[in-house]
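Participant: only geometry, no sequence info:
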Ligand SMILES: Cc1cc2nc3c(=O)[nH]c(=O)nc-3n(C[C@H](O)[C@H](O)[C@H](O)COP(=O)(O)O)c2cc1C
């Protein structure tokens, strides 16, 4: 089937871009959404333009258009990843306030009992952020903040990003060569 991937306006747009590239490499259909502030972080933090990122995806949707297939539970897919996920989008999902297509698609993913993986990014976290994450964790969402693992002895930023997205894709049983598994 395929995966819905949303890039929102938290720091770490590169995580979403790298996930998109891995999905393409693996021949897995990608359905891309980018929020207004996600577009700003792509341009601010990475060497990619928004247009280049959009081209990697199989399908791209405007975040403000709710009248598209992925807005409905009848759309079949394997689940959704939000990478990175801002505290605003997290709050929208946790409260069921489906203001845009990203939050609506996440809401649908929850109601259809599909996998929802949120790469929530903010620091430090306040009680509202933590409560929203806990609420979604209780109903089965996977809360996976992009926290580097140092047991792999990363040498570059790419090493850190690859390890993190490898773990995200593991949730969908997508094996990549990004990931160094711990071996004793
Ligand atoms: C460069 C930049 C970095 C940001 N980093 C974060 C962040 O790490 N976490 C966060 O929750 N918001 C961050 N924000 C603020 C969000 O972009 C803002 O709350 C926005 O309303 C999120 O909307 P969205 O979820 O629709 O993308 C950042 C904004 C900018 C411009």
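Facilitator: It's in. None of the values given here were measured: they were computed from a predicted structure. Numbering: from 1, shown residues only.
Participant: helix, strand or coil: sort out the most centrally placed residue in the chain for me.
Facilitator: Nearest to the geometric centre of the chain sits residue 82, at 2.2 Å (Cα atoms, centre = their mean). Under DSSP: H, G, I helix; E, B strand; the rest coil, residue 82 falls in the strand class.
Participant: quick check: beta-bridge partners of it?
Facilitator: Judged by DSSP bridges, the bridge partners of residue 82 are residue 6, residue 118.
Participant: and it, what is it in contact with?
Facilitator: 5, 6, 7, 8, 89, 102, 106, 116, 117, 118, 119 (Cβ atoms under 8 Å, 6 or more residues apart in numbering). In this view, the C-beta of every residue, glycine as well, is placed from N, C-alpha and C.
Participant: run a quick neighbour tally on the residue in the chain that the ligand sits nearest to.
Facilitator: Nearest to the ligand, among the residues of the chain, is residue 9, at 2.6 Å (Cβ to the nearest ligand atom). Residue 9 has 22 neighbouring residues, counting by other Cβ atoms under 10 Å.
Participant: equivalent analysis for residue 86, please.
Facilitator: Neighbours of residue 86 (other Cβ under 10 Å): 23.
Participant: surely it meets residue 37?
Facilitator: Yes: Residue 86 lies in contact with residue 37 (Cβ atoms under 8 Å); the separation is 7.0 Å.
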